[in-house]
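Chemist: structural data only, the sequence is not supplied:
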């Protein structure tokens with residue numbers, strides 16, 4: 001039975017098959033625009049600090065409230 005907390009179950013399963021942890025696969029599968037192809041998602045540098053903060057909140061990055069824009073981008077890219 002699919003997990004109702006996972007928004008993109010196919011992407012989640014594909015990531016798990018590649019060896020991603022359950023937590024990281026869930027973060028990616030639940031991130032809006034994560035599965036977009038063709039460069040449709042804006043680069044993080046074009047996002048506002050608030051948009052970056054909200055994205056960091058969605059993927060569960062701790063300490064985000066103390067980060068500046070560059071730190072948020074770095075953390076989002078490494079997660």
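Modeler: Looks like it arrived, so ask away. All of these numbers come straight from a predicted model, not from anything done at the bench.

Chemist: helices along the protein, start to end?
Modeler: 9-17, 22-29, 49-59, 69-78 (DSSP state H).

Chemist: the nearest residue to residue 44 once chain neighbours are set aside: what's it in contact with?
Modeler: Excluding the flanking residues, the one nearest residue 44 by C-beta to C-beta, 6 or more residues apart in numbering is residue 73, at 4.4 Å. Where you see a C-beta, it was placed from the backbone N, CA and C, and this is true even at glycine. Contact analysis of residue 73 by C-beta atoms under 8 Å, 6 or more residues apart in numbering lists 44-45, 52.

Chemist: and the residues you listed, which is closest to residue 18?
Modeler: residue 44 (22.8 Å; C-beta to C-beta).

Chemist: residues near the closest one, how many?
Modeler: 16 (other C-beta atoms under 10 Å).

Chemist: next one: the one 10 residues further on
Modeler: Other residues near residue 54 come to 12 when the count uses other C-beta under 10 Å.

Chemist: kindly report the same for residue 59.
Modeler: The number of residues near residue 59, taken as other C-beta under 10 Å, comes to 18.
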